[in-house]
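Asker: Based on what follows, work out the 3D shape:
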Amino acid sequence: HGGLECRLESNDNRVDLHQYILHDQVEPELLMDHIRRCNWEQHDTWRRIEDMCRHWRQPGTSLHLWVSQIWLEFDIHGQSGNIPSPSVFFQLRPPGPETDSINDLFADVLDLLEPLITRSDRDCLLAALTRCAQHCPAGAGITHIGLMLSRKPSPIRINVKSLSADEWSPFLQVIKWPGPVSELSDLVDPLYDKTDQLVFCLDIGDRVFPDLGLECLVTADLDRRSAWESFLDDLVKSGMASGGKRDAVSNWGRFIKPPDAAQRWPEDLVAESLLLGPIAFR
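Answerer: Next comes the predicted model:
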């Protein structure tokens, strides 16, 4: 399972890779076995990922209770050397843990960063994360916790979902986001009419950082096709996307099967899919 992250500017052809690991199958074990076979335990990032998988599969741990998927995000600008170094995202099970449980989860996630962060930094991070969780309005919440291992200076990212058009501005203010909330309104408010869901992506360190990402989700249903195309058109008009990239995204094939692929699928992938049976074949 994976995804591609493409830049929409005409002069930027970089592509990042995402891969996610499901908890309820054998994928954590497959990942740990892959790390060992590649002899990546000597690499600090991969040793931590192996530890994360081990905690994740242990009943009773906060990761086991509350994390449904682990995402590995390979940012091209953060890579050096021959061994890829991904950031790691924990996707939380809906509806999400209660306050006490999510504090335990935050603490366990931060423990996985030792000794990359000092005790003082850890306490500041925990306080900032707890503040963000406590001030989420009813119905909204943190859906992902990211360990940005390949990025500096912020080691943590959180994704906050289901903030309504009336809630996002007060939320950013109460968690002490230092950016210009009033200026951001001109960008954010119209998006509520153009998209089905907005996700606010925040970088957390010893404080909440000014960088802010927006994930704009539009369903792929045919009856929402016009909304999707309208959203892409707005990106072109604003200068955030080129016309060529808009057309490429709009025409992207949603399903690619082996007979339709431009290149042959790897034989081991085909064999593994066949062994899963007709229901799970992919």
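Asker: For the rest of this, base every contact and every neighbour count on C-alpha atoms.
Answerer: Fine.
Asker: Which strands or helices does the helix or strand that contains residue 121 pack on?
Answerer: Following DSSP states H and E, the helix or strand that holds residue 121 is helix 119-134. Using 3 or more C-alpha pairs under 8 Å, 6 or more residues apart in numbering; DSSP states H and E as the contact criterion, the elements in contact with helix 119-134 are helix 99-111, strand 197-204.
Asker: The following helix or strand past the shortest one pairs with which strands, and in what direction?
Answerer: Counting by DSSP H and E, the next helix or strand C-terminal to strand 197-204 is strand 208-217. Sheet neighbours of strand 208-217, with direction, are listed as strand 197-204 (antiparallel) (DSSP bridges).
Asker: which outside residues touch the strand it pairs with?
Answerer: 125, 128-129, 154-163, 191-192, 208-218 (C-alpha atoms under 8 Å, 6 or more residues apart in numbering).
Asker: The spatially closest residue to residue 19 that is not a sequence neighbour: neighbour count?
Answerer: Nearest residue to residue 19 in three dimensions, chain neighbours excluded: residue 2, at 4.0 Å (C-alpha to C-alpha, 6 or more residues apart in numbering). Residue crowding around residue 2 was assessed by other C-alpha atoms under 10 Å; the count is 11.
Asker: Pull out the buried positions in stretch 234-251.
Answerer: 235-236, 241-243, 245-246 (16 or more other C-alpha atoms under 10 Å).
Asker: now stretch 225-235
Answerer: Of the residues in stretch 225-235, those scored as buried under the neighbour-count criterion (16+ other C-alpha under 10 Å) are 227-229, 231-233, 235.
Asker: Then stretch 27-40?
Answerer: In terms of neighbour count (16+ other C-alpha under 10 Å), stretch 27-40 has its buried residues at 28-29, 32, 35, 40.
Asker: Among those residues, which ones are in helices?
Answerer: When helices are assigned by DSSP state H, the members of the buried residues of stretch 27-40 inside them are 28-29, 32, 35.
Asker: Pick out whichever of these sits closest to residue 75.
Answerer: Nearest to residue 75, judged by C-alpha to C-alpha, of those is residue 35 at 18.9 Å.
Asker: Against residue 84, how distant is the closest residue to that closest one other than its chain neighbours?
Answerer: Using C-alpha to C-alpha, 6+ apart and skipping residues adjacent in sequence, the residue nearest residue 35 is residue 41, 6.5 Å away. As defined by C-alpha to C-alpha, to the nearest Å, residue 41 lies at a distance of 13 Å from residue 84.
Asker: rewinding a little: can you go through the contacts of strand 197-204 and name the buried ones?
Answerer: A residue is treated as buried here by neighbour count (16+ other C-alpha under 10 Å); on that basis the buried members of the contacts of strand 197-204 are 125, 128-129, 154-163, 191, 208-209, 218.
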